[in-house]
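Engineer: this one's structure only:
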């Protein structure tokens, strides 16, 4: 666990915020939240939105602006925006402004708010994800000022992010289901076969989208295919 996540875990109760609880923040467009960033991860919906905004395919977006790797804990392919230069700036930052403001990645649109799923007890099985409560945290932005008052509800509405976000829970469920199988497969199979499995998952979850069609039905179909295929793997 990196230092940022460790800090969130240790101080969660202090930084937790309700959906209608006011907070003060005003973006001054200084660009500070877009530099020294190596953690702008793209989920499939983010990638779809960027591809549509830039008139590119999801694969072209990754080739131009991102990179992929296998997550240390999730054990599934992860896509992130590739930081540029010594200041590690976001590759979509132009003249200190986001060049894809209307379609910016979810983590950027939510900033300085974050969200997570509350899992009660030790039961974190994938079939329980849909029952989990979404909780919100307010990060120290380290930029901007406090001249405006917002709530999480209004902040999310401004960027078209639903509080009842079906994709958010579905994505976490997919990650958990696939990651559980992959961790078992890593104990049995060699590197060559694992790379083929990861490539298949990567293509299905991130690349196989037509931006002229709605995202969610395509994602549901792709995720079901990925889960079904790896579920057929012998693990004994």
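Structural biologist: Here it is on my side, so go on. Everything quoted here is computed from the prediction, not taken from an experiment. Residues are numbered from 1 along each chain as shown.
Engineer: got the domain boundaries for this protein?
Structural biologist: As recorded under automatic domain parsing, the domains making up the chain are 3-164, 168-231.
Engineer: format those as TSV; extra columns: mean pLDDT.
Structural biologist: Shown next, in TSV, are the domains of the chain (pLDDT from 0 to 100):
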stretch	mean pLDDT
domain 3-164	89
domain 168-231	96
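Engineer: just put the ones you listed in a markdown table and tack on mean neighbour count.
Structural biologist: Quick note: C-beta positions are derived from backbone N, CA and C, even for glycine. Below are the domains of the chain laid out as a markdown table (neighbours: other C-beta atoms under 10 Å):
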| stretch | mean neighbour count |
| --- | --- |
| domain 3-164 | 15 |
| domain 168-231 | 16 |
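Engineer: who are the contact partners of residue 205?
Structural biologist: 44, 76-77, 174, 222-223, 226 (C-beta atoms under 8 Å, 6 or more residues apart in numbering).
Engineer: and if you look at residue 116?
Structural biologist: Residue 116 sits next to 134-135, 137 when contact means C-beta under 8 Å, 6+ apart.
Engineer: in its sheet, what does the one helix or strand it maps to sit against?
Structural biologist: Using DSSP states H and E, residue 116 falls within strand 113-118. Strands flanking strand 113-118 in the sheet, each with its direction: strand 133-138 (antiparallel) (DSSP bridges).
Engineer: just the residues contacting the partner strand, thanks.
Structural biologist: 8, 12, 15-19, 23, 112-118, 152, 163, 165, 168-169.
Engineer: cool, stretch 70-88 as well?
Structural biologist: In this structure, residues lying in contact with stretch 70-88 by C-beta under 8 Å, 6+ apart are 1, 35-42, 47, 62, 65-69, 89-92, 105, 175, 178-179, 182-183, 186, 198, 201-202, 205-206.
Engineer: again, only using 7 Å
Structural biologist: With contact meaning C-beta atoms under 7 Å, 6 or more residues apart in numbering, stretch 70-88 is reached by 35-38, 40-42, 47, 62, 65-69, 89-92, 175, 178-179, 182-183, 198, 201-202, 206.
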